[in-house]
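Visitor: let me see the structure of the following:
(2 chains)
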Amino acid sequence: MFKWIIKGWSDVRASLQGGRLAGVLGWQDIRQRYRRSSLGPFWLTISMGVLIGALGFVFSALFEMEVADFIPFLTLGLIIWSLMTVSINEGCTAFSDSEAMIKQIPLPIFTHILRVLWRNLIIFAHNLVIFPLILIAFGKPLTPTAFWAIPGIVLLVVNLSWMALIMGTLCARFRDIPQIVSNLLQVSFYLTPIIWMPELLPERASKMLLDVNPFFHLIEIVRAPLLGATPSLLNWLVALALAMAGWIGGLVFFGRFRSRIAYWL
Amino acid sequence: MTQIILDQVSVEFPIYNATGRSLKVQLMQSATGGRMNANRQGRVVVQALREVSLTLREGDRLGLVGHNGAGKSTLLRVISGIYEPTGGRLDVAGKVTSLIDLSLGMDAEATGIENIYLRGALLGFDRRWLTGKISEIVDFAGLGDFIRMPFRTYSTGMQMRLAFSIATLVQPEILVMDEWLNVGDADFKEKAERRLNEIVDKSSILVIATHSPELVAQVCNRRVRLDHGALLDD
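Guide: Model prediction:
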């Protein structure tokens, strides 16, 4: 098992050292998608903004929430969720989409996962532009606790990367898994407080629904500080534990099957 | 020291048919205790290379010949490090560069310049170094102002010329090729031949798969024949 960790890690390390390539490819994906469009990736920002506007007013009325509290909450929730879900979904197809490249150029294979992550971080940055606008619109301040969001994002991405790595490897072999994953993620969207606030839950249900939901903790480490709340120790501990366990498990799995990926494609 | 050692290298490809790839079959197998194995698993294994042993040292120019499907391309990919052998031992000392699909990763909508950077990044070139080479690339490909136009507006010949001009900036230790590159019109062909010969001369080991006996006679100093994945020395 230790052998596999070393094998997996040497690939991951080589990918990180050559990270510039993943950067170039990730940017290229964005450029390719929005070439000849005058607004480019800001179309994402706009459509996210429209979605937030519509959902915001409907749900705050439905749940009788204060708009000024609910809309910033919803904005961050949707933006972070979209980073998570798209990274995992695209992680599933990271290797099969890069088949031609994997079979021609002997690159460290984690490069293709990095490319997916980088691409989605660029999109995340474009979406994030909405948040300060929302804060201004509702006259909300950004408190110094907001800085906690930075390590929060780093930890979130560390977690997303092992998820994408495992999924990419698994899906290279079993081609139905992407469907299952996207279905599960869709269900998780409703189980995770994104379009509803945790306060709405009765005490007992909240323990059961929230504490066992890894996505909740991962969202909270980024969202809570930006909304001015002190980060909860539990959120951080769960996110850290997930990152550690996930990466160890991910490296064992990836190291074991890394050399098979080219054969499976 | 640059060298390649293959010791009884075998490569087996699992062939997954449409059902074999899906999770359903695996789950059903365990549910039924593997009885369906024999006819339902559909796991056909193709042996692409069979116990190939070969040692290449500095100065070797190896011509790889054999019928279609004899395992030439697979062997090239094994040497490149793309397929890890399923049996035997492989030891490659030196950086392997393959000149196979020259336009891999190029984007039709991007301009020639953007494609130089894109393709260059894939080939592992440093961005700043590449910037210094741009005029040389454009001159060599004879593209002039077209370099600022989208790649899709190029004729096939121009596309090939640009891809060739970028790819042949490599300074390989071990050079791997699938057939000799044939590029462009008569004018360019001569230049391209010269450039290619320079690269081959500079590389310390060359492995080329080909169907052409003339090429082997011209470029190579060693030749092996692959037949059904097995190596026949001649």
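
Visitor: going forward, measure contacts and count neighbours with C-alpha atoms only.
Guide: Noted.

Visitor: now the helices: where do they sit in the chain?
Guide: This is for chain A. For chain A, applying DSSP state H gives helices covering A:2-17, A:19-34, A:42-62, A:67-92, A:94-97, A:99-104, A:110-128, A:130-137, A:149-173, A:177-191, A:203-210, A:214-226, A:233-264.

Visitor: switch to chain B, that's the one I care about
Guide: B:23-31, B:37-40, B:72-80, B:112-122, B:127-141, B:156-167, B:186-202, B:213-219.

Visitor: so can I have TSV of those helices showing mean neighbour count, distance to chain A and mean pLDDT?
Guide: Shown next, in TSV, are these (neighbours: other C-alpha atoms under 10 Å in any protein chain shown; distance: least, C-alpha to the nearest C-alpha, whole Å; pLDDT from 0 to 100):
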stretch	mean neighbour count	distance to chain A	mean pLDDT
helix B:23-31	14	6	59
helix B:37-40	11	17	40
helix B:72-80	21	6	90
helix B:112-122	22	6	91
helix B:127-141	16	10	90
helix B:156-167	21	13	88
helix B:186-202	15	19	85
helix B:213-219	13	23	86
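
Visitor: make TSV out of these and add distance to residue A:170.
Guide: Shown next, in TSV, are the helices of chain B (distance: least, C-alpha to C-alpha, whole Å):
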stretch	distance to residue A:170
helix B:23-31	11
helix B:37-40	22
helix B:72-80	23
helix B:112-122	25
helix B:127-141	34
helix B:156-167	33
helix B:186-202	40
helix B:213-219	42
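
Visitor: out of the ones you listed, which is closest to residue A:77?
Guide: Among those, the nearest to residue A:77 by C-alpha to C-alpha is helix B:23-31 (32.8 Å).

Visitor: quick revisit: can you tell me which of the helices of chain B is nearest to residue A:52?
Guide: Nearest to residue A:52, of all the helices of chain B, is helix B:112-122, at 35.6 Å by C-alpha to C-alpha.

Visitor: just want the angle from that closest one to helix B:156-167.
Guide: 40 degrees (axes from the mean of the first three to the mean of the last three C-alpha atoms, to 10 degrees).

Visitor: distance from the chain centre to helix B:112-122, please.
Guide: Distance of helix B:112-122 from the chain centroid (C-alpha atoms, centre = their mean, to the nearest Å) equals 19 Å.

Visitor: who in chain A is up against chain B?
Guide: Residues of chain A lying near chain B by C-alpha under 8 Å from any C-alpha of the partner chain: A:21, A:24-25, A:32, A:35, A:100-106, A:173-177, A:259-260, A:262-264.

Visitor: and these, which are buried?
Guide: Among the residues of chain A next to chain B, those classed as buried by neighbour count (16 or more other C-alpha atoms under 10 Å in any protein chain shown) are A:21, A:24-25, A:101-106, A:173-175, A:177, A:259-260, A:262-264.

Visitor: contacts only, for the spatially most central residue of chain A.
Guide: The centroid of chain A falls nearest to residue A:84 when counting by C-alpha atoms, centre = their mean (2.1 Å). Counting by C-alpha atoms under 8 Å, 6 or more residues apart in numbering or on different chains, residue A:84 makes contact with residue A:160.

Visitor: pLDDT at the most centrally placed residue in chain B, what is it?
Guide: By C-alpha atoms, centre = their mean, chain B has its centre lying nearest to residue B:100, at 4.0 Å. pLDDT recorded at residue B:100 is 82.

Visitor: hang on, it packs against residue B:182?
Guide: No - judged on C-alpha atoms under 8 Å, residue B:100 makes no contact with residue B:182 at a distance of 11.4 Å.

Visitor: which residues do those two both contact?
Guide: Shared contacts of residue B:100 and residue B:182 (C-alpha under 8 Å, 6+ apart): none.

Visitor: gap between residue A:9 and residue A:248?
Guide: As judged by C-alpha to C-alpha, to the nearest Å, residue A:9 and residue A:248 stand 10 Å apart.

Visitor: okay, these two: which has more neighbours?
Guide: Using other C-alpha atoms under 10 Å in any protein chain shown, the more surrounded residue of residue A:9 and residue A:248 is residue A:9, with 20 against 16.

Visitor: what sits against that one?
Guide: Counting by C-alpha under 8 Å, 6+ apart, residue A:9 has contacts A:251, A:255.

Visitor: mind running it again at 10 Å?
Guide: Contacts for residue A:9 (C-alpha atoms under 10 Å, 6 or more residues apart in numbering or on different chains) come out as A:3, A:15, A:110, A:247, A:248, A:250, A:251, A:252, A:254, A:255.

Visitor: burial check on the fourth one, number of neighbours?
Guide: The reference is to residue A:247. Residue A:247 is flanked by 22 other residues according to other C-alpha under 10 Å.

Visitor: count the neighbours of the closest residue to it other than its chain neighbours for me.
Guide: Leaving aside its sequence neighbours, residue A:247 sits nearest to residue A:162 (C-alpha to C-alpha, 6 or more residues apart in numbering or on different chains; 5.6 Å). When neighbours are counted by other C-alpha under 10 Å, residue A:162 registers 25.

Visitor: got it, and residue A:149?
Guide: For residue A:149, the count of nearby residues is 20 (other C-alpha under 10 Å).

Visitor: among the helices of chain B, which comes closest to residue A:39?
Guide: Minimum separation from residue A:39 across these (C-alpha to C-alpha) falls at helix B:112-122, 19.9 Å.

Visitor: from the contact counts, what lies against the closest one?
Guide: helix A:19-34, helix B:127-141, helix B:156-167 (3 or more C-alpha pairs under 10 Å, 6 or more residues apart in numbering or on different chains; DSSP states H and E).

Visitor: can we see that at 7 Å?
Guide: Counting contacts by 3 or more C-alpha pairs under 7 Å, 6 or more residues apart in numbering or on different chains; DSSP states H and E, helix B:112-122 is packed against helix A:19-34.

Visitor: got the buried residues for the helix it packs on?
Guide: For helix A:19-34, by 16+ other C-alpha under 10 Å, it's A:19-31.

Visitor: mind putting these into JSON lines with distance to residue A:240 and pLDDT?
Guide: Output for the buried residues of helix A:19-34, formatted as JSON lines (distance: C-alpha to C-alpha, whole Å; pLDDT from 0 to 100):
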{"residue": "A:19", "distance to residue A:240": "24", "pLDDT": "87"}
{"residue": "A:20", "distance to residue A:240": "27", "pLDDT": "89"}
{"residue": "A:21", "distance to residue A:240": "28", "pLDDT": "91"}
{"residue": "A:22", "distance to residue A:240": "25", "pLDDT": "91"}
{"residue": "A:23", "distance to residue A:240": "26", "pLDDT": "91"}
{"residue": "A:24", "distance to residue A:240": "29", "pLDDT": "91"}
{"residue": "A:25", "distance to residue A:240": "29", "pLDDT": "92"}
{"residue": "A:26", "distance to residue A:240": "27", "pLDDT": "92"}
{"residue": "A:27", "distance to residue A:240": "29", "pLDDT": "91"}
{"residue": "A:28", "distance to residue A:240": "32", "pLDDT": "90"}
{"residue": "A:29", "distance to residue A:240": "31", "pLDDT": "90"}
{"residue": "A:30", "distance to residue A:240": "30", "pLDDT": "90"}
{"residue": "A:31", "distance to residue A:240": "34", "pLDDT": "88"}
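
Visitor: farthest pair within these?
Guide: Distance extremes for the buried residues of helix A:19-34: the farthest pair is A:19 and A:31 at 18.4 Å, using C-alpha to C-alpha.

Visitor: about what we covered before: top of the contacts of residue A:9 by number of neighbours, please.
Guide: Counting neighbours by other C-alpha under 10 Å, residue A:254 leads those with 30 neighbours.
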